[in-house]
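Student: show me how the following folds:
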Amino acid sequence: MRLTLVRHAKSAWRFGALDDFHRPLSTRGLRDAVRVPPVLAARLPAPDLILCSDAVRAVQTCEAIATAFDLDAACVRLERALYLADAEDILEVIAGAGGSARHLMVVGHNPGLTDLYNHLLRPPLDNLPTLAVATLTLEAADWSSVAPGCGRIDRLLRPREIPQHG
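Tutor: Got it, this is the predicted structure:
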């Protein structure tokens, strides 16, 4: 099974009247959401299912990814439980919603995604930066049996590693 963890793109803090849940992507986040997803689509097989936090910045990121992979809306599921979830909560959502997917993508937030990464494999990662993508192969019978240390990193992609132009 393959699990791809995606931290949402950089969000804006300039909207002081908005609560955290409603913060949109920043100018940099929007720019990264245009240039990074096509690179993902060229380097990764399409996910069978994307589970996404329903926070505005995560949804904006997920929409860009789904478009790059040319995914049908049925392949994307918004999950309130992923908003600021910790590693255990993310695993619960995966176990409950993963179904028969062979490649599952989760779009969410830190510190939960970094903690989940570190729960599933070693060596640990200090931080999964905004719009970083970690693709793991998991040695598990199904999504409900994902356990500590069952992962192997296939690819870790950070936006700064992708050329700004072309």
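Student: tell me which residue is most central in this structure.
Tutor: Among the residues of the chain, the one closest to the centroid is residue 6, at 2.1 Å (C-alpha atoms, centre = their mean).
Student: which SSE is immediately downstream of the top helix by length along the chain?
Tutor: Scanning the chain for the helix with the most residues, using DSSP state H, yields helix 27-43. On the C-terminal side of helix 27-43, the closest following helix or strand by DSSP states H and E is strand 49-53.
Student: in what helix or strand does the residue nearest to the centre of the chain lie?
Tutor: Element membership for residue 6, per DSSP H and E: strand 2-7.
Student: contact partners for residue 134?
Tutor: Contacts were defined as C-beta atoms under 8 Å, 6 or more residues apart in numbering; by that measure residue 134 touches 4-5, 113, 117, 125, 128, 153, 155-157. Backbone N, C-alpha and C define where each C-beta goes, glycine included.
Student: nearest to residue 24, of those?
Tutor: residue 113 (19.4 Å; C-beta to C-beta).
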